[in-house]
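Engineer: Whatever this is, show me its structure:
(chains A and B)
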Amino acid sequence: MQAFRAYLWFLARRLGLTLLTLWGLASLVFLMIKLMPGDEAQMAAGADASAVQIELVRERLGLDAPVIIQYLSFLVRLLHGDLGTSIVTLQPVLADLEKVLPNTLELVFIAMALNLAIAIPAGIVAAYRHGGMFDMGSRVAAVMLGGMPAFWLALVLQYVLGSVWRLVPISGQHGFGMSSPMVTGAPTLDALIAGNFEGVLDALYHIILPAAVLAALFSTQVFRTLRAALLGVLRSDFIMAVRAKGATARHMLVHHALPNSLNPVLMLSGMQVGTMIGSAVLVETIFARQGIGAYMFNAVAQKDVFAVLGSVIFTGTVVCLVNLIVDLLQLLVDPRIRAAQLGSQTR
Amino acid sequence: MTVPVALQPTTVGHKGGPTLLETVVCTLVVALLAIAIFGPLFAPGNLFRSDIANSLMPPSATNWLGTDDQGRDVLWRLIVGAQTTLLSAFLVVTLYSLIGVAIATASAAGPRWLDEGLMRITDIGLALPSMIVALGFASAMGPSLRSAVIAMAITGWPLTARMLRGIMRQTMEQPFVAGAEVLGVSKWRLMTKHVLPNSLDVMIVKWAGDIGTTVLVLASLSFIGVGAQPPSAEWGATIAAARGYVSTAWWTVVAPGAAVALTSIAFGLLGDIIQVRRDPSLRGN
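Structural biologist: This is a model prediction of the structure:
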């Protein structure tokens, strides 16, 4: 009963923080709109709007009302899903972004899987052979990768692996004639739904490089965290006891050391999902994938400020919700995180 | 006065002198700073003028890193860009550190409601993707290097505020603070002259490392198009401008990106080194 109450209390706090964050995000974007140089109605109506049109827009957006009323009506419009209208496509920003979101999420999902698939084995070997060649080499690699700009690594690998060695496609999300009917907007998933096996492979073939770039950059943090945690655990007494009982190194690592070191890795990778969405925005544009990043990039290039700000709200909201889901999942999956979170709430 | 050898403080496994890594990193940082400060003084005058006849020339004896699509020397533009890039990064870190220090101090010294309020605002700041929010601010203020710097200052402070508040709270538990209070030192003086100076050393490590990440984010913003605009020699803007030439003239893209990577790695490692120097138990991790 006590535990249940602590659980509910945590849930309420976490949901409250999410709502607070979303409100903060909305307020920041309102501040951005007010910071724009020039007449807001003029900007919203577009460069070649007539005086009458500008007045109409001013009236529709309620721009002659006091700022506080404007702010409240801005929040109300957001609650109704109105993230503004693009002055280039004249489409509501939300409708455009909803279509491209699954594409970005697919990229982040595959990149996250690759990230863990690279970093966890590397971290285990580096910690087990502490001070050895592999440890040194992978630590140097982690430092180097950690300092590289994502978009630059993407450009260079695209050139080397795509144009020079022709190992992977340079850009795009499927080969010629390989596209499946759009259901979700995520290329691999769509091909799967269409039962197009070749299409799935083709989509994966196109996503592998962008996903690998993101994974390489983010795996440096996971690697460092896991290595440090494992080093601590490997020095502890219970590991000595396990070894004294004659367990093989493999058994000791997989069944004793690793489970006790994964906690910080889980926490970190949960936080990474949100950050990765931000980096995906950069990497996507380089590989001409039709995700949120491509939309933002075009909006910036076309000086479509309302589309940019709409995508800021949208991306920020997606990151907040993803973080919320990850936190709740971790709570369900890992009893130690559960104990830590709930314990700190009841204290 | 000489201290007997046995009484000299020793650190385990460390013989006092700088290690190879420390020497390399410190030399690199000093070199980068020297290039950024003095390099542009020696730059030839034609860096922003195009010379189409000499465009996209590969590295040679006259142009060590080749020329870009406008026929400008890539190396000299990197050197001039170093000043723009590093100066902007320093400005960003200084600005958000000041905001962070102000918020942390108010939070640590102020009444409970102020602390709660400021820390909830900090929570919001930490939960939002800072690069995306900075992108929004810079785009709204009109894309320029100045907008990007302001945008990053507005979005960069939360981690500093959160960490420093915690440290200041710990410092305030120390006996010398209670002593100062007993002596009737005013709250303002207590915070600024006693608590803050005794809490800052951890933050200085963080800020040194932050220069590296700031260079990265600044380059990203310029690359998207909301930061420095062409013909600026800022590194991110240079990569963005050269993007289309990667297959015909790889050096135009590789050189500025390598500069960003080198700078960010050097300052990141500098942060780590200062930290290990302060706390040798971290060595090896």
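
Engineer: which residues of the stretch 51-200 of chain A fall in helices?
Structural biologist: Remark: helices assigned in the stretch 51-200 of chain A by DSSP state H, counting those that start in this stretch are A:51-60, A:67-79, A:93-128, A:133-146, A:150-157, A:187-193, A:197-234.

Engineer: go on, chain B?
Structural biologist: With DSSP state H as the criterion, chain B has helices at B:20-38, B:74-109, B:112-127, B:130-140, B:145-156, B:158-172, B:175-182, B:187-189, B:200-224, B:235-242, B:251-278.

Engineer: Now do the second one against helix B:20-38: the angle between them, please.
Structural biologist: In other words, helix B:74-109. Following axes from the mean of the first three to the mean of the last three C-alpha atoms, to 10 degrees, one obtains 100 degrees for the angle between helix B:74-109 and helix B:20-38.

Engineer: Spell out whether helix B:74-109 and chain A are in contact.
Structural biologist: No - using C-beta under 8 Å from any C-beta of the partner chain, helix B:74-109 stays clear of chain A, coming no nearer than 11.7 Å. C-beta here means a position set from N, CA and C on the backbone, and glycine is covered the same way.

Engineer: Let me know the average pLDDT across that helix.
Structural biologist: Here helix B:74-109 scores 92 as its mean pLDDT.

Engineer: who in the stretch 1-150 of chain B is up against chain A?
Structural biologist: Within the stretch 1-150 of chain B, the residues that sit near chain A (C-beta under 8 Å from any C-beta) are B:120-121, B:123-125, B:127-129, B:131-133, B:135-137, B:139-143.

Engineer: Ok, which of the helices of the stretch 51-200 of chain A comes nearest chain B?
Structural biologist: Closest approach to chain B among the helices of the stretch 51-200 of chain A (C-beta to the nearest C-beta): helix A:150-157, 3.4 Å.

Engineer: In terms of secondary structure, what does that closest one contact?
Structural biologist: Counting contacts by 3 or more C-beta pairs under 8 Å, 6 or more residues apart in numbering or on different chains; DSSP states H and E, helix A:150-157 is packed against helix A:197-234, helix A:262-286, helix B:200-224, helix B:235-242, helix B:251-278.

Engineer: State the number of residues packed around residue A:46.
Structural biologist: 16 (other C-beta atoms under 10 Å in any protein chain shown).

Engineer: residues near residue 151, how many?
Structural biologist: The chain I'm using is chain A. Every residue meeting other C-beta under 10 Å relative to residue A:151 is counted, giving 28.

Engineer: um, chain B though
Structural biologist: For residue B:151, using other C-beta under 10 Å, the count is 29.

Engineer: Go ahead and flag the most central residue of chain A.
Structural biologist: Nearest residue to the geometric centre of chain A (C-alpha atoms, centre = their mean): residue A:277, 2.4 Å.

Engineer: any idea how far residue B:68 is from that residue?
Structural biologist: To residue B:68, residue A:277 is 32 Å away according to C-beta to C-beta, to the nearest Å.

Engineer: Make CSV out of the helices of the stretch 51-200 of chain A and add mean pLDDT.
Structural biologist: Formatted as CSV, the helices of the stretch 51-200 of chain A follow (pLDDT from 0 to 100):
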stretch, mean pLDDT
helix A:51-60, 82
helix A:67-79, 89
helix A:93-128, 92
helix A:133-146, 88
helix A:150-157, 89
helix A:187-193, 84
helix A:197-234, 90
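
Engineer: Format the ones you listed as a markdown table; extra columns: distance to residue B:18.
Structural biologist: A markdown table is the format used below for those (distance: least, C-beta to C-beta, whole Å):
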| stretch | distance to residue B:18 |
| --- | --- |
| helix A:51-60 | 64 |
| helix A:67-79 | 55 |
| helix A:93-128 | 25 |
| helix A:133-146 | 18 |
| helix A:150-157 | 31 |
| helix A:187-193 | 51 |
| helix A:197-234 | 23 |
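
Engineer: Which one, of these, ends up nearest to residue A:25?
Structural biologist: helix A:67-79 (9.5 Å; C-beta to C-beta).

Engineer: elements contacting that closest one?
Structural biologist: Of the remaining helices and strands, those touching helix A:67-79 by 3+ C-beta pairs under 8 Å, 6+ apart are helix A:2-35.

Engineer: any idea of the mean pLDDT in the helix it packs on?
Structural biologist: For helix A:2-35, the mean pLDDT works out to 87.

Engineer: pLDDT weak spots in the stretch 151-285 of chain B?
Structural biologist: Within the stretch 151-285 of chain B, the ranges that satisfy pLDDT under 70 run B:281-285.

Engineer: residue in the stretch 201-347 of chain A nearest to chain B?
Structural biologist: Going by C-beta to the nearest C-beta, chain B is nearest to residue A:312 of the stretch 201-347 of chain A, at 3.6 Å.

Engineer: Touching, that residue and residue A:29? I think so.
Structural biologist: Yes - Residue A:312 is within contact range of residue A:29, at 6.0 Å (criterion: C-beta atoms under 8 Å).

Engineer: List the residues that are in contact with both of these two.
Structural biologist: Contact with both residue A:312 and residue A:29 is made by residues residue B:136, according to C-beta atoms under 8 Å, 6 or more residues apart in numbering or on different chains.

Engineer: Those two - which one has more neighbours?
Structural biologist: The residue with more neighbours, out of residue A:312 and residue A:29, is residue A:312; 26 against 23, by other C-beta under 10 Å.

Engineer: so who does the more buried one touch?
Structural biologist: By C-beta under 8 Å, 6+ apart, the contact set of residue A:312 is A:29, A:32, B:132, B:133, B:135, B:136.

Engineer: Once you drop chain neighbours, what's closest to residue 221?
Structural biologist: Answering for chain A, as no chain was given. Leaving out its chain neighbours, the residue that sits closest to residue A:221 by C-beta to C-beta, 6 or more residues apart in numbering or on different chains is residue A:268, at 6.1 Å.

Engineer: Hmm, no, I was thinking of chain B.
Structural biologist: Distances taken as C-beta to C-beta, 6+ apart place residue B:227 nearest to residue B:221, at 3.9 Å, with adjacent residues excluded.

Engineer: Compute the number of surrounding residues for that neighbour.
Structural biologist: Using other C-beta under 10 Å, the number of residues around residue B:227 comes to 30.

Engineer: Can you give me every residue that contacts it?
Structural biologist: Contacts of residue B:227 were listed using C-beta under 8 Å, 6+ apart, and they are B:138, B:143, B:144, B:145, B:147, B:148, B:218, B:219, B:221, B:234, B:236, B:237.

Engineer: Specify which member of those residues is nearest to residue A:330.
Structural biologist: Nearest to residue A:330 out of the contacts of residue B:227 is residue B:221 (C-beta to C-beta; 31.3 Å).

Engineer: The closest one touches residue B:149, doesn't it?
Structural biologist: No - with contact defined as C-beta under 8 Å, residue B:221 does not count as touching residue B:149 (9.5 Å).

Engineer: These two: which is more packed in?
Structural biologist: residue B:221 (30 against 23).

Engineer: ok, the more buried one - contacts?
Structural biologist: Contacts of residue B:221 by C-beta under 8 Å, 6+ apart are B:131, B:134, B:135, B:138, B:148, B:151, B:152, B:227, B:236.

Engineer: neighbours of the closest residue in space to residue A:193 that isn't next to it in sequence, just the number please.
Structural biologist: In space, and not counting its chain neighbours, residue A:193 is closest to residue A:183: 5.1 Å by C-beta to C-beta, 6+ apart. By other C-beta under 10 Å, the residues close to residue A:183 number 13.

Engineer: I'd say residue A:183 and residue A:190 touch.
Structural biologist: Yes - in terms of C-beta under 8 Å, residue A:183 counts as a neighbour of residue A:190; the distance is 5.3 Å.

Engineer: So for residue B:48, what's the nearest residue that isn't a sequence neighbour?
Structural biologist: That would be residue B:231: by C-beta to C-beta, 6+ apart, it lies 5.2 Å from residue B:48.

Engineer: which residues touch the residue nearest the centre of chain B?
Structural biologist: Central residue of chain B (C-alpha atoms, centre = their mean): residue B:211, 1.1 Å from the mean position. Residue B:211 sits next to B:86, B:89, B:90, B:93, B:263, B:267 when contact means C-beta under 8 Å, 6+ apart.
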